[in-house]
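In: Sequence first, predicted model second:
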Amino acid sequence: MEASASIRWCVPTLLLLLFLLIQPSISIYCDEDDCYDLLGVSQNANASEIKKAYYKLSLKHHPDKNPDPESKKKFVKIANAYEILKDEATREQYDYAIAHPEEVFYNTARYYHAYYGHKTDTRAVLVGLLLVLSGFQYLNQWTRYKQAVDMVKKTPAYKNKLKAMELERTGGVTNKKKGNKQINKKMEEELSEELELQIKGAEKPSVWELIGVRFILLPYTLGKLLLWYGCWFWRYQVKQAPYSWEDASYLTRRSLGVPSDSWRHVDQLTKEDLVQRRLWEKPNLESYLAEMRKESKRRR
């Protein structure tokens, strides 16, 4: 009994929702009116007949000719109907919506695409999208950076650095009233600004890293990259010149899969040893990796 009662309630509800959805797909063009009826023409009228009907009605209901408020509303509807029917594409869409009112979403999508798609400059949309994405990117990076900084400031190492900077500034004299346990808040803020924190994975946001800026600089970046590859090909493929230290270091780092940030922290002697091994050559790299595996097993 409960199931049958639910079905009896569901059917009228679905029909009501279907009616509410179908109605807008027809009325989005001329509200509750028929565009053809507003101009007083048949659906088979040609472009010339539609134009004549519009001019005749516009002279009658134009606000400059007829001060009646109702006439002004009528003129707005007539102008809207003419805008729809004078264009072959929108008229075809309107005729299709009349013939197929059940295709709610399709008719609605065609209407908004016809009226707003061509009016929106693609360049403006692209610029707006880049600005929005850049804004979210900057806020996300800044939030991550602030959270990371707050976490670091709670560590003993950070507090010890601040204490050392305070002693260096005050010449080894501390504030005894505080029991030598708490740094003055104002001084802590000043010292925090001096102590730049470089947190891996949560770097301070930079404007140059934003999507929008990088997109604008894309032609320059591509040109620079092509120039670099051209110089590389000419120097090492055509002229067969020996690799410079910077280029040999780059090849070594790339062969080992070491990020540039990590490579900077490698000591100079280790870098020189790795570069001399010419690890960008496959046999040398395989030999080096085999040595590292043996060394790892030996330490275990």
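Out: Everything's here; your move.
In: Centre-most residue in the protein?
Out: For the chain, the residue whose C-alpha lies nearest the mean C-alpha position (Cα atoms, centre = their mean) is residue 133; its distance is 3.0 Å.
In: Contacts only, for it.
Out: Contacts were defined as Cβ atoms under 8 Å, 6 or more residues apart in numbering; by that measure residue 133 touches 211-212. Backbone N, C-alpha and C define where each C-beta goes, glycine included.
In: chain center to whichever strand or helix holds it: distance?
Out: With secondary structure defined by DSSP states H and E, residue 133 is part of helix 122-153. Relative to the centre of its chain, helix 122-153 is centred 9 Å away, using Cα atoms, centre = their mean, to the nearest Å.
In: List the buried residues in whichever helix or strand comes after that helix.
Out: Past helix 122-153, heading to the C-terminal end, the next element that is a helix or strand (DSSP H and E) is helix 156-170. Applying a neighbour-count criterion of 16 or more other Cβ atoms under 10 Å, the buried positions in helix 156-170 are 158, 162, 165-166.
In: can you give me the helices in the stretch 1-150 of the chain?
Out: With DSSP state H, counting those that start in this stretch applied, the stretch 1-150 of the chain shows helices at 2-30, 35-39, 47-61, 69-86, 88-99, 104-112, 122-153, listed in chain order.
In: Kindly state which of the ones you listed is positioned closest to residue 290.
Out: Of all the helices of the stretch 1-150 of the chain, it is helix 122-153 that lies closest to residue 290, at 38.8 Å by Cβ to Cβ.
In: relative to helix 156-170, how tilted is the closest one?
Out: In this structure, helix 122-153 runs at an angle of 80 degrees to helix 156-170, with axes from the mean of the first three to the mean of the last three Cα atoms, to 10 degrees as the basis.
In: Map the structural domains onto the sequence of this protein.
Out: With the TED database serving as the domain definition, the record reports that the chain contains domains spanning 35-116, 123-205, 242-299.
In: Which of these has the lowest mean pLDDT?
Out: Of all those, domain 123-205 carries the lowest average pLDDT, namely a mean of 72.
In: Give the burial count for residue 278, as a bare number.
Out: The local packing count at residue 278 equals 16, with neighbours defined by other Cβ atoms under 10 Å.
In: Where does the residue nearest to it when sequence neighbours are not counted sit, in terms of helix or strand?
Out: Nearest in space to residue 278, with sequence neighbours left out and distances taken as Cβ to Cβ, 6 or more residues apart in numbering, is residue 284 at 5.1 Å. Assignment of secondary structure by DSSP H and E places residue 284 within helix 282-299.
In: And for residue 219?
Out: Short version, using DSSP H and E: residue 219 is in helix 218-232.
In: Beyond that helix, next helix or strand please.
Out: Stepping forward along the backbone from helix 218-232, the first helix or strand reached (DSSP H and E) is helix 245-256.
In: So what touches stretch 31-44?
Out: Contacts with stretch 31-44, where a contact means Cβ under 8 Å, 6+ apart, come from 29-30, 45, 49-50, 53-54, 57, 77-78, 80-82, 84-85, 94-95, 98.
In: Give me the buried entries from those.
Out: 29-30, 45, 50, 53-54, 57, 77-78, 80-82, 84-85, 94, 98.
In: Farthest pair within those?
Out: 57 and 98 (21.0 Å).
In: follow-up on the earlier one: please tabulate the helices of the stretch 1-150 of the chain in a markdown table, including the columns distance to residue 218.
Out: Shown next, in a markdown table, are those (distance: least, Cβ to Cβ, whole Å):
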| stretch | distance to residue 218 |
| --- | --- |
| helix 2-30 | 40 |
| helix 35-39 | 46 |
| helix 47-61 | 46 |
| helix 69-86 | 40 |
| helix 88-99 | 35 |
| helix 104-112 | 32 |
| helix 122-153 | 11 |
